[in-house]
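Chemist: Turn this into a structure:
(4 chains)
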Number of protein chains: 2
Amino acid sequence: MDTWKRYGEKEVSHSMAHYLQAVAALKGEKGFARVGDIADRLGVSKSGVTSMLRTLHARGYVDHEPYGCVELTEVGRGLAERTESNRRVLQVFLTDILSVDESVAEEDACMIEHLVSPPVMLELLRLTSFLRSDAPEARAFLESFRRGGAACVGHAPGGCDLCGPVCLRDALSPMAGETLTRIDDTPR
Amino acid sequence: MDTWKRYGEKEVSHSMAHYLQAVAALKGEKGFARVGDIADRLGVSKSGVTSMLRTLHARGYVDHEPYGCVELTEVGRGLAERTESNRRVLQVFLTDILSVDESVAEEDACMIEHLVSPPVMLELLRLTSFLRSDAPEARAFLESFRRGGAACVGHAPGGCDLCGPVCLRDALSPMAGETLTRIDDTPR
DNA sequence: CGACAGTGTTGAGGGACTTGAACTCGGCTG
DNA sequence: CAGCCGAGTTCAAGTCCCTCAACACTGTCG
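Modeler: Numbers count the residues shown, from 1 in each chain, chains lettered A, B, ... in the order given. This next block holds a predicted model:
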């Protein structure tokens, strides 16, 4: 099993994804993206930007002639837009459905936005939009869920069906802060 | 905005998380964890293992005297178990709720297991277990959802409420393979 | 005891990403 | 048109994680 090694073979790394998003955002906001603006926006040095642009150019994601502005290629723009959409959907799922703090949601979304595969994003989008719709099944479910629906059905010393030998709830609760208080064992 | 920079400041990196999980798994399976076993399991060189063990030891996650077996510290065991639980919950959410292919779910879970924060995991666990329970609201909702509930409510040229200026569905569909066929615009 | 096989470590080196210092480019300004 | 200044680049260096090659340890068997 070496699924885990594919981590380094992702189309874009976390850094790359954010450089691409920065370029796209600057183009949108000011019409052009310069090295210094990218550096400021990302909080990195200009030399770091130059060198990352070299990498991104080598991969065919940006065009950048020395001392000039940065342009996204078709592929680069697609990646930037996809990452941005992923982030947005994740953020909405985390805040609106899971009711997690805005700031936590933002951070988590930012961490994983570039790692979630298209099929998963597509289904997550569908789930989120359905849950946010006014379909009666959705409203009924969400209401129950928000009132404190199940956690760890089947929870028992030595293992629950979902989280395995060491209950996730037990492992997580001490670190989850106030969220903890909403969890209890009484399902439905 | 430099949330994105905290990526490198996570408690454990992707690699570390998998080394810790490997040690925990080997201890569980054979009672002890040796350098070579860890290397085989992860598909890395033994020297890589030695050097990572040095790093993990420096952080207080493992004990390892030269030429001896590897032991997890309390903290290390906690991290390994938490990551493992995260993976399991994510996997179940992806396969059972989002109905994503087993292999895709496995890969995605593996990519993000160490990045998702405890409050999010806790709520995701609650959502997943509630949706899998036999509560009537859950069954009704899931049934509708599986029949093809909404995607991109509000979808319109130029932007949908959820996925932003560039619709996630449009960006994703060409790459999502067969999943695509299950998506259409007709909500409920 | 002593050599061998298996196991583990060290060390040199590489790729990705970052920084800071020093240098270059290009356009304003006096 | 000379000088200056802001913007961008190059270069050396550092960190993380990995590899391969060479060396060191350990336990077993003759």
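Chemist: Show me the domain layout of chain A.
Modeler: A:10-78, A:83-135, A:148-188 (automatic domain parsing).
Chemist: Nearest to DNA strand C, out of these?
Modeler: domain A:10-78 (2.9 Å; CB to the nearest atom of the strand). In short, each C-beta sits where N, CA and C put it, glycine included.
Chemist: Residue A:69 against residue A:33, yeah?
Modeler: Yes. Contact criterion CB atoms under 8 Å: residue A:69 and residue A:33 qualify, at 6.1 Å.
Chemist: When the two are compared, which one has more neighbours?
Modeler: Between residue A:69 and residue A:33, counted using other CB atoms under 10 Å in any protein chain shown, residue A:33 has the larger neighbour count: 26 against 16.
Chemist: Spell out the secondary structure type for that one.
Modeler: coil (DSSP: H, G, I helix; E, B strand; the rest coil).
Chemist: For it, give me its contacts.
Modeler: Applying CB atoms under 8 Å, 6 or more residues apart in numbering or on different chains, we find residue A:33 in contact with A:22-23, A:26-27, A:69-71.
Chemist: Tell me how many other residues crowd residue A:68.
Modeler: For residue A:68, using other CB under 10 Å, the count is 11.
Chemist: pLDDT wise, what is it at?
Modeler: At residue A:68, the model reports a pLDDT of 92.
Chemist: Name the helix or strand for residue A:90, please.
Modeler: In the assignment (DSSP states H and E), residue A:90 maps to helix A:74-92.
Chemist: With residue A:38 instead?
Modeler: Going by DSSP H and E, residue A:38 is in helix A:35-42.
Chemist: After that helix, which helix or strand is next?
Modeler: Taking DSSP H and E as the definition, the helix or strand right after helix A:35-42 is helix A:46-58.
Chemist: following that following helix, which helix or strand shows up next?
Modeler: Immediately after helix A:46-58, counting by DSSP H and E, sits strand A:62-64.
Chemist: helices and strands of chain A: which one bottoms out on pLDDT?
Modeler: helix A:168-172 (a mean of 62; mean pLDDT, DSSP states H and E).
Chemist: I'd say residue A:60 and residue A:74 touch.
Modeler: No. Checked against CB under 8 Å, the pair residue A:60 and residue A:74 is beyond contact range at 9.1 Å.
Chemist: returning to that earlier point: check which helices and strands the helix holding residue A:38 sits against.
Modeler: Packed against helix A:35-42, as judged by 3 or more CB pairs under 8 Å, 6 or more residues apart in numbering or on different chains; DSSP states H and E, are the following elements: helix A:14-30, helix A:46-58.
Chemist: tell me the mean pLDDT for the last one?
Modeler: The average pLDDT for helix A:46-58 rounds to 97.
Chemist: buried ones in it?
Modeler: The neighbour-count check on helix A:46-58 (16 or more other CB atoms under 10 Å in any protein chain shown) flags A:48-49, A:52-53, A:56-57 as buried.
Chemist: and that helix, how far out from the chain's middle?
Modeler: 24 Å (CA atoms, centre = their mean, to the nearest Å).
Chemist: likewise the first one?
Modeler: Shown here is helix A:14-30, whose average C-alpha point lies 16 Å from the average C-alpha point of the whole chain (CA atoms, centre = their mean).
Chemist: So for that helix, what gets flagged as buried?
Modeler: Those would be A:14-27, for helix A:14-30 by 16+ other CB under 10 Å.
Chemist: so what secondary structure elements neighbour that helix?
Modeler: helix A:35-42, helix A:46-58, strand A:70-72, helix A:74-92.
Chemist: Let me know the angle separating the first one from helix A:46-58.
Modeler: Same thing as helix A:35-42. 100 degrees (axes from the mean of the first three to the mean of the last three CA atoms, to 10 degrees).
Chemist: List the contacts of helix A:35-42.
Modeler: A:18-19, A:22-23, A:25-26, A:30, A:45-46, A:48-50, A:53, A:70, B:1-2, B:4-5.
Chemist: Also within reach of DNA strand D: list those from the residues you listed.
Modeler: Among these, the ones lying near DNA strand D by CB under 7 Å from any atom of the strand are A:46, A:49-50, A:53.
Chemist: Can you list phi and psi of residue A:113 for me?
Modeler: Dihedral pair for residue A:113: phi -50, psi -40, per degrees, to the nearest 10.
Chemist: That one against residue A:87, yeah?
Modeler: Yes. Counting by CB under 8 Å, residue A:113 does reach residue A:87; the two are 4.2 Å apart.
Chemist: So the two - more neighbours on which side?
Modeler: When residue A:113 and residue A:87 are compared for neighbours, residue A:113 comes out ahead with 25 against 20, by other CB under 10 Å.
Chemist: ok, residue A:136 - contacts?
Modeler: By CB under 8 Å, 6+ apart, residue A:136 has no neighbours at all.
Chemist: Then residue A:13?
Modeler: Taking CB under 8 Å, 6+ apart, one finds residue A:114 in contact with residue A:13.
Chemist: All set now, cheers.
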